[in-house]
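*Asks:* The sequence and its predicted three-dimensional model are supplied below.
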Amino acid sequence: VKSVVFAASHGQFGDGDEIVISSSYDTTIRIWAEDAGDWYCAHELSDSPHTVWDLAVAPGSTRFISCSAIGTIGIYKCYTSQERKKLKVDDTDDQQQQGSSNERSPNQGTWNCVKSLPPQSESEILSVSYSPARAGHGRFASSGSISLRIYREAPESTSDQPIIGLDAEIHQ
């Protein structure tokens, strides 16, 4: 496990108020939920072909971002169980990955990657962070070994199709 963050469950995962999101050297991101005091892997994402270095949860906990060893940034959105049904998510892959004891409830939400930013000039991004809500909607930063980048989501973005622009790049 490389990175771990807490996020609000929004009643979409398990019976607890929070979930834990972890990233790993094995290229996966896992959503951990609690049911009756027991934690389990509620969802596994394997969108990245390389190590996922860091995670950051957006204010409100309905999005998170990840960064990888090849310099990509993934933006993920939480879909409610009702939205998930409209997306027609195929749960058989999740059930096979998680085993029969952790099969997804039809009342559970899902996380999907809604945007992947391509690598910039550096080969890897080591950390990411969302700005607090009071600092502006849709701002986040990333850093690698030689630079810091600040991104902003465009006002005309939608939660399913974010439009991201680079606000600043600072070389260290």
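*Replies:* That came through, no problem. Numbering: from 1, shown residues only.

*Asks:* do you know how far residue 52 is from residue 76?
*Replies:* Taking C-beta to C-beta, to the nearest Å as the criterion, residue 52 is separated from residue 76 by 11 Å. (Glycine included, C-beta is placed from N, CA and C.)

*Asks:* Quick check: neighbours shared by these two?
*Replies:* Taking C-beta atoms under 8 Å, 6 or more residues apart in numbering as the contact criterion, the residues that touch both residue 52 and residue 76 are 29, 66.

*Asks:* need the helix or strand of the protein with the lowest average pLDDT.
*Replies:* One helix or strand of the chain scores below all others by mean pLDDT, DSSP states H and E: helix 92-98, with a mean of 41.

*Asks:* Give the next helix or strand downstream of that one.
*Replies:* Where DSSP states H and E defines the elements, the next helix or strand beyond helix 92-98 is strand 110-117.

*Asks:* Direction included, what does that next one pair against?
*Replies:* Sheet pairing for strand 110-117, assigned by DSSP bridges, gives strand 73-79 (antiparallel).

*Asks:* Could you identify the helix or strand that succeeds the partner strand?
*Replies:* Secondary structure here is assigned by DSSP H and E; on that basis, the next helix or strand after strand 73-79 toward the C-terminus is helix 81-87.

*Asks:* For that next one, give me every contacting residue.
*Replies:* Residues outside helix 81-87 that contact it (C-beta under 8 Å, 6+ apart) are 12, 79, 106, 107, 108, 109, 110, 112.

*Asks:* Would you mind checking the average pLDDT for that helix?
*Replies:* In this model, helix 81-87 has an average pLDDT of 80.
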